[in-house]
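In: sequence first, then the predicted structure, then my questions.
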Amino acid sequence: MKEISRKLEDKLLLYADGQLIAAEQRAMEEQLKHDELLRNKLDQLKGMNQMLQNLKPDQPSRNFTQLVMSRLDEYPAYTNGLSIRNGIFLLVGVLVAAGIGVFLLSSGLFDNATTTLDFNPELTKRYFDQPMPSIPFNGKIVVNALVLLNLGLAWLVLDRAILKPYFQKRMQSAH
Amino acid sequence: MRPSFDMTNDPDHLTIDRILAGEQAMYAELVNKYKSYAFTIAQKILQNRPDAEEAAQDAFIKAYHHLKGFNRDSKFSTWLYRIVFNTAISYRRKNRQEFQSIETTVVDYNQDSGVSLEKTDKKKYINQAMAKLNEADRTALTLFYLEEFSLEEIASITGMQSNTAKVRIHRARLRLGDELKNILSQEALTL
């Protein structure tokens, strides 16, 4: 079955909107004379435009303004995407991860975890004359930094996802 | 083409100044002025009247609390509708499981009183066809056909680039045409 190409469809829509330049418009009219499928498509687009003409906005309930004004002092429920319950779960997860990190650190697991990140493997040496840098890597320092980052994150979660929404809720119920 | 808008002459700025100076009641003026379009945007995204009402109300409250942060680079309405759009999207994500089917939405429209059958049918078919599009396309298309918004404003409200908005509206119109054709053919078959 014959189909109208995307490009032609685009042009047809512009034609229906009266947005083609004179020469293009004449060419389209010529094409329309000989193409029934195109004519049907044009009728379809015109029909749609007619149906959507004079589209009016939907009306909310009559007491909409009153309801908004009576709720102005409360903070909207959807300030962030995280509920207090999920915030608590996230906080527990972050604290558990930090706790495991601290436990492993104190058990001495990372005391001797020192290695060097070597950027000079055989393949690299073959193609580069200049030696690449080698970075000494201390596992204990890295885990310490991760634990610290986790604690910072835990503090943020506590503030944004638990304490702030909790006090907002309390403020709302006080009004 | 709609005329360009001079931000310094936006009459809403005066109202906003008074609200920020402590005249909270003045906010009702802004709510009254923009509630229909705000509700329409929420309705197009949520396709459920009670949720749309709540989302639109929440958006107005959110806008009120952030009024100080409105930098006046755009029209107040554009800024507000962007908040409505984002709030409705959040509601949609949260309520996805309880989301209504297209059929239920149509019942909502049929409940309108005092509307001619022809008009209600037209609206029903448009809504059925629109329901087949995604929320951003649906909103952009509605704003386009409401003829109150420039392409730049539609892009700003729906969080798209102007060019993207233009192309998407174009594509969505073609798709809507096909969907309407399908729905109307189905209707004709059931007669």
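Out: Yep, that arrived.

In: okay, buried residues for the top helix by length along chain B please.
Out: Taking DSSP state H as the criterion, chain B has its longest helix at helix B:162-190. For helix B:162-190, the neighbour count (16 or more other C-beta atoms under 10 Å in any protein chain shown) marks B:165-166, B:168-174, B:176-177, B:179-181, B:183-184 as buried. C-beta coordinates here come from the backbone N, C-alpha and C atoms, glycine included.

In: low-confidence ranges in chain A?
Out: Chain A contains residues with pLDDT under 70 at A:1-2, A:75-82, A:116-126, A:128-129, A:171-175.

In: hmm, the longest helix belonging to it touching chain B?
Out: Criterion DSSP H: the longest helix present in chain A is helix A:84-106. No: using C-beta under 8 Å from any C-beta of the partner chain, helix A:84-106 stays clear of chain B, coming no nearer than 11.6 Å.

In: state the next helix or strand along the chain beyond the worst-scoring helix or strand of chain B on mean pLDDT.
Out: Among the helices and strands of chain B, helix B:102-110 carries the lowest confidence by mean pLDDT, DSSP states H and E, at a mean of 41. Next helix or strand after helix B:102-110 toward the C-terminus (DSSP states H and E): helix B:117-130.

In: quick one on the thing from earlier: if you count contacts, what does the longest helix of chain A end up packed against?
Out: Here helix A:84-106 touches helix A:139-157, helix A:164-174, going by 3 or more C-beta pairs under 8 Å, 6 or more residues apart in numbering or on different chains; DSSP states H and E.

In: most tightly surrounded among those?
Out: Of all the helices and strands packed on helix A:84-106, helix A:139-157 carries the top mean neighbour count, a mean of 15, counting by mean count of other C-beta atoms under 10 Å in any protein chain shown.

In: what angle do helix A:84-106 and that one make with each other?
Out: Orientation of helix A:139-157 against helix A:84-106 (axes from the mean of the first three to the mean of the last three C-alpha atoms, to 10 degrees) gives an angle of 160 degrees.

In: for helix A:139-157, give me every contacting residue.
Out: Helix A:139-157 is contacted by residues A:87, A:90-91, A:94-95, A:97-98, A:101-102, A:104-105, A:110-111, A:113-115 when judged by C-beta atoms under 8 Å, 6 or more residues apart in numbering or on different chains.

In: same thing but at 7 Å, please
Out: A:87, A:90-91, A:94-95, A:97-98, A:101-102, A:105, A:110-111, A:113-114 (C-beta atoms under 7 Å, 6 or more residues apart in numbering or on different chains).

In: do the same with stretch A:36-51
Out: So stretch A:36-51 is in contact with A:2, A:4, A:9, A:12-13, A:16, A:31-32, B:122, B:126, B:176-177, B:180-181, going by C-beta under 7 Å, 6+ apart.

In: give me that answer again for 6 Å
Out: Stretch A:36-51 is touched from outside by A:2, A:4, A:12-13, A:16, A:32, B:122, B:177, B:180-181, with contacts defined as C-beta atoms under 6 Å, 6 or more residues apart in numbering or on different chains.

In: ditto for stretch A:85-96
Out: A:150, A:153-154, A:157-158, A:161-162.

In: which positions within stretch B:48-60 qualify as buried?
Out: B:48-49, B:51-60.

In: which among the contacts of stretch A:36-51 end up buried?
Out: Applying 16+ other C-beta under 10 Å to the contacts of stretch A:36-51 flags A:4, A:12-13, A:16, B:122, B:177, B:180-181 as buried.

In: now those residues in CSV, with distance to A:Gly139?
Out: Listed next are these as CSV, based on distance: C-beta to C-beta, whole Å:
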residue, distance to A:Gly139
A:Ile4, 64
A:Leu12, 66
A:Leu13, 62
A:Ala16, 68
B:Lys122, 69
B:Gly177, 63
B:Leu180, 64
B:Lys181, 66
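
In: done for today, thanks.
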